[in-house]
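Peer 1: Any chance you can model this:
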Amino acid sequence: MTLSEARKLIEDCAKQMNDRYGQVVFDEWAIVSLAQDQARILSYVGPRNDTFLKNFANDLGTLRAELVKPQYNAGDFEFARHATGTSFEGFVVMGKGIYLICNNTKASMNEIAQNPRWLNAQVPFAEFAEKVRANPLSLTPE
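Peer 2: Just a heads-up that it's a prediction; the model follows:
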C-alpha cells in the first residue's frame, strides 16, 4: 500500500475504534521509519506535532525492545500495558522498518483496557492489522 492508502486506513480504523469505545482511544497516530537507525516521521496526527520526534526515544519506553525484534512481520502488533503519559501504548509493523505508533497521551493502556468497551474497540484494530499484513506499506514514490 502507499502512504496515502495507509493514512486512510488509519483514519477509518481510529474512527471505528472511537465509535465503539465511546471516546478517543488513541489521540496520537504516527507512521515512522526507523531505517538506518534513524527515526523519521512519515505521517503524524495528534496533539504533539512539534515535540513528537524530539521525545521519540524517551516515549518508546517499554516498547523499545519489542520494536527491534526481527520476528515481527507486517501486520504484527504489540501493546505496552503500563505505559503512562506520553509513553507509547502500542505499535503495528507497517512494512520493513516502518511502524505505526499508537498512543493515548492522557491514559495508559491498562486504563484503556479497563473499560468493557475496549474488547469491541479492538475489532477494527485487528482488522486494520490484517489489511496491513495482506498489503504492507511500501515507500516507493506515490
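Peer 1: now the helices for this protein?
Peer 2: Under the criterion DSSP state H, the chain contains helices at 3-21, 56-60, 63-67, 109-114, 118-134.
Peer 1: which residues sit against the lowest-mean-pLDDT helix or strand in the chain?
Peer 2: Scoring the helices and strands of the chain by mean pLDDT, DSSP states H and E places helix 63-67 at the bottom, with a mean of 77. When contacts are defined by C-beta atoms under 8 Å, 6 or more residues apart in numbering, helix 63-67 is touched by residues 34, 60, 72, 78, 80, 83, 88, 90-91, 99. Yep, even glycine has a C-beta here, placed from its N, CA and C like the rest.
Peer 1: Report the buried residues of it.
Peer 2: Neighbour counts over helix 63-67 (16 or more other C-beta atoms under 10 Å) mark 63, 66-67 as buried.
Peer 1: Write the PyMOL selection for whichever of the contacts of helix 63-67 are buried.
Peer 2: Per 16+ other C-beta under 10 Å, the buried members of those correspond to this PyMOL selection:
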select buried, resi 60+72+78+80+83+88+90+91+99
